Every structure is written in structure tokens, then in C-alpha cells.
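> Below are the sequence and a predicted model for it; my questions follow.
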Amino acid sequence: MNSSLGTRLTTIYASLLAVTVLLIIVASTAALVVEQSNFVRDIFVAKKERARFVAEQSRLEGMNATDAAAQIVALSGGPGIRVTVFDRSGQFVAGDKALHPPVLDQIVRSHIQLLPPPEPWAVGTAPRRIPQALPEPFTIAAIPNGYVAFDFSPWLLLVSLTPYFVIVLLIGAAAVAISWFVGRAVVNSALRPIDEVTDSLRALAAGDYTRRRFVMAGGDEIAAFTAAYNDAAASVADAMDERRRTEERMRQFVADAGHELRTPLTVIGGYIDVLRRGAVEEPTIARQILGTMGIEREHMRGLIDRLVRLARLDSELPPRDEPIDVADLLKGQCEAVRRLDDRRVVDYSVEGADVIVADRTEIGEAIWNLVENAVKYAPDAPIHLRATRDNGRTHISVRDEGPGMTESERIHAFERFYRGDQRGEIAGTGLGLAIAKRAVERAGGTIDITSAPGQGTKVEISI
């Protein structure tokens, strides 16, 4: 990209400079031609005076017309200037035979007398009145007994301008060459960020999602381009990180779910084999087996139900946020506990917390999982639900006065399928706290556990 676009931009830059130099040369040449034309006119005036002077000297010296004409041609000519002498009748006498001004024939036929330019001392005096008299044409001078014609070769003008052309063209070529290299360096420097962004995009297309950031000074288009790339690259990197985390969670989820589902299926399958081998004919044993199979069935049903809920929380569907009355929410939780165990002491209080904005189903399920854990793992212990408001956030806690948790259990409590080391025969899936944590995270909140052996357990949600 840099070589192609850089070359084009540099070529355009150098071409514009070359056109500018050419226009300057043309304009300056036109001005010089005008100036040279005035200079040529002055030369012709001087040559005319020279021709008249030589003619007068030849007459005074008694030269014949042919010798005098030859001397006039020799002394009045010069490089690029042709001179021809004619007599009064317009006949050629000496000089360049190819030079014969058409105006001379008109002057001879009409017997027009040419008036030489006035002498310097006569400027401002009244002109002489001579019939059929006209000022001398630019290229003809009147001399005694004839005329002298002059002609200026245009090539002489070009030759006189040759040094100027050489100097100007050399300067112009040097300027274009310098502008090419300087422009190339400037363009390469300006396009370097684009090359770097291009390389990064190619790496991105090849699967390298390493976050790269380019910092450009100034607020030009290149800086805006790199800033847009930085934003896009950051979004892609974040999306890929989230995708990797999601895939990792899914792999772990599938592995854990397969392990947990395998246990009740193995138990049920084993009991079925026992029944096939004849245990079905023993009513007592058959009833025990069927009861155990029923327990495992309910365990599997609960596990599948929890897995479905967790999968829904892990999905990309956004939560359906709505205002939730905190007091009403905690009151409903307490009533649900009393319906399960009417002897359980359970209470709630609300201080300054009125309404939170979240998905009612998800937050309700998260708090119920916390309450359900307290009911199962702190038997007969009082349960206290509290809601407070601090620094713009609502804090909802579920605290029991049960046996508490060890430090190891507290650290791993939110891991999926983790049930602790001393849970005995208490039924459970190990997904309740994991579901609560995921639901709180989807609401933009945090969840934390405070517990110690013999001091009960407190789980606090902050939204």
C-alpha cells in the first residue's frame, strides 16, 4: 500500500511542482521577449543612425554609390541583423538580396519622403511640413540617394535567451528532483501508521487477536484513522476474550454436568440390574431399591433444572431489567421459607433501600438460592435478610446462625458443582451459589461470602 499510494502521491506532488516551474518559465520568457523586443528596437534605431552617418561620410569622401553601399552594409550590420542598400528607385545596390521589404515598393511608387527621427535638440519644435512625407518605418532608414533596410532574425532572440533557459531548466530539474525525494520521505512518514495498521489487520485476519494500540500526535485524518482502528481492535480483542471465556465455561460446564449426571444414572442403572437379577421378587428389597431410584430421579431432575437455568444465565440474551421493590422482594422470600418450615425463625429489614433495577426472575432466584442454602446447611438456625443503601448502591444480605464454613469452603463456594467437604447426606447439586453469582453479575452487581466455623454464614449482594 505504501509503495503504490506513496508513489502516486509523490508523483502528483512532483508533477504539480514541475507544472508550476514550467508556468514560471513561460511567464518569465514572455516578459524577457517583450524586454528583448524593446532592446531590438533600440538597436535598430542605433543601426539607422549608424547607416546615415556612414552614408554621409562616404559622400564627403567622394566614394561612388557601390562602394559607399558596401561600406554601409559592412559597418551597419551585426550578428543576426541583415542589411540591404537600395537606390532612390528601389533597386538593389548592396547587402542581402533576399531582403526586400514590401513597404519599400509602396514608398517608391508613391514618391513618399521619409522623415528621419528628430534630432535631440529639435524635440518640442514644430515639425517641418513636407508634402507626402511620413515617418520612417521601423525597418527602413532614409539616406542620401537611397534607402537602407534592416531585418532582425528571431533566432538571435532565442540564442540570447539560451543561457537563461539553461539556468532555469537546471534549477527547475533540481527542484523537481529534490521535491521528489523530500516528498517521498514525507509521504512515507505520513503513511507509516497506515502500513502498521495494515499489518495489524492482516495479523488479525490470520487469527492473531493480540491487542495493539497506536498513538498518533495531532488531530489529522491519520490520527482519526488510527483511533478508529484502536477502538475496533479493542472491541475485537474484548469480544475474542469473552468468546474464549465463554468457551472455557462451556467446556467446564459440559464436563461437570456430564460427571454429575453420570452418578445418578450409574446408580439407577445398577439398581435396574439388581432388579433384573431377581431382587424384584423380594418386596422389601424392591421397595428400598425403588425408593432410592426415586431419590436419584428427583436429584437428576433438580440437577437438569439447575443446569438449564445456568445455561440460560450464560446465554447472550440480555436480562429484562425492571424496577423491583426491595421490601416486597424480601418479604416474599421470608414467606416462602415459612411455607417450607413454619418453625424456622426468619425475618427481614429494609433501611433506605427502596427500589433496584434488575431482572426480577433472576435476582429473585439468586436470593432464593442463598436462602435455600441457609435452610439446608444451617438446620433450625435463624435466618436474617437485610437490605441497606450506601454510596448509591443497594446491599442485600442473607445471614444464618448455623455452623459456618471453613476457609477452603468459603473460597470455592461459588464454583460450579462444589459442595464442600462436610456436607454429609444433604441433597444438593452444587449449583445454587454459582447460579446466584451469575445472576448478580448479569445485573451489574457483586456477591461475597463472609463465614467462619461456628460463626454462621453471611452472603451479601451489592447492586
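Everything's here; your move.

> Give me the domain ranges for the protein.
Following automatic domain parsing, one finds the domains of the chain at 2-157, 210-223+234-317, 319-463.

> which one of the ones you listed has the most crowded surroundings?
Stretch with highest mean neighbour count among these: domain 319-463 (a mean of 17; mean count of other C-beta atoms under 10 Å). No exception for glycine: its C-beta is placed from N, CA and C like everyone else's.

> What average pLDDT does that domain get?
Domain 319-463 shows an average pLDDT of 85 in the prediction.

> For the domains of the chain, could you give me JSON lines that also reports distance to residue 167?
Shown next, in JSON lines, are the domains of the chain (distance: least, C-beta to C-beta, whole Å):
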{"stretch": "domain 2-157", "distance to residue 167": "11"}
{"stretch": "domain 210-223+234-317", "distance to residue 167": "39"}
{"stretch": "domain 319-463", "distance to residue 167": "77"}
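
> Relative to residue 192, which of these is closest?
Of all the domains of the chain, domain 2-157 sits nearest to residue 192, with 7.5 Å by C-beta to C-beta.

> Tell me how far the spatially most distant residue from the centre of the chain lies from residue 305.
No residue in the chain sits farther from the centre than residue 62, which is 93.5 Å out by C-alpha atoms, centre = their mean. Residue 62 sits 145 Å away from residue 305, going by C-beta to C-beta, to the nearest Å.

> Specify the local secondary structure of the residue farthest from the centre of the chain.
Assigned with DSSP: H, G, I helix; E, B strand; the rest coil, residue 62 falls in the coil class.

> same thing with residue 413?
coil.

> Who are the contact partners of the most centrally placed residue in the chain?
By C-alpha atoms, centre = their mean, the chain has its centre lying nearest to residue 225, at 1.2 Å. Counting by C-beta atoms under 8 Å, 6 or more residues apart in numbering, residue 225 makes contact with 193-194, 197.

> just checking, which of the residues you listed belong to helices?
193-194, 197 (DSSP state H).

> thought residue 400 was touching residue 378?
Yes. Shown here, residue 400 and residue 378 form a contact pair, counting by C-beta atoms under 8 Å, at 3.9 Å.

> can you list residues touching both of the two?
With contacts defined as C-beta under 8 Å, 6+ apart, the residues shared by residue 400 and residue 378 are 456-457.

> thinking again about what came up before, neighbour-wise, give me the winner out of the contacts of residue 225.
residue 197 (21 neighbours; other C-beta atoms under 10 Å).

> State the distance from that residue to residue 190.
Between residue 197 and residue 190 the computed distance is 13 Å (C-beta to C-beta).

> what about residue 460, which helix or strand?
Per DSSP states H and E, residue 460 falls inside strand 457-462.

> rewinding a little: output the contacts of residue 225 in CSV; the columns should cover distance to residue 310.
Below are the contacts of residue 225 laid out as CSV (distance: C-beta to C-beta, whole Å):
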residue, distance to residue 310
193, 46
194, 46
197, 41
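
> Dump these to CSV, plus pLDDT and distance to residue 391.
Listed next are the contacts of residue 225 as CSV, based on pLDDT from 0 to 100; distance: C-beta to C-beta, whole Å:
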residue, pLDDT, distance to residue 391
193, 74, 43
194, 74, 46
197, 75, 42
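
> Can you tell me which of the residues you listed lies closest to residue 7?
Distance to residue 7 across the contacts of residue 225 (C-beta to C-beta) is lowest for residue 194, with 14.3 Å.

> List just the nearest of the ones in helices among the contacts of residue 225 to residue 456.
Set against residue 456, the nearest of the ones in helices among the contacts of residue 225 by C-beta to C-beta is residue 197 (57.4 Å).

> what ranges do the strands span in the stretch 251-400 of the chain?
For the stretch 251-400 of the chain, applying DSSP state E, counting those that start in this stretch gives strands covering 321-325, 346-351, 355-359, 383-390, 393-400.

> what helices or strands is the second one leaning on?
Yep, that's strand 346-351 we're talking about. Counting contacts by 3 or more C-beta pairs under 8 Å, 6 or more residues apart in numbering; DSSP states H and E, strand 346-351 is packed against helix 326-340, strand 383-390.

> Good, we can wrap up now.
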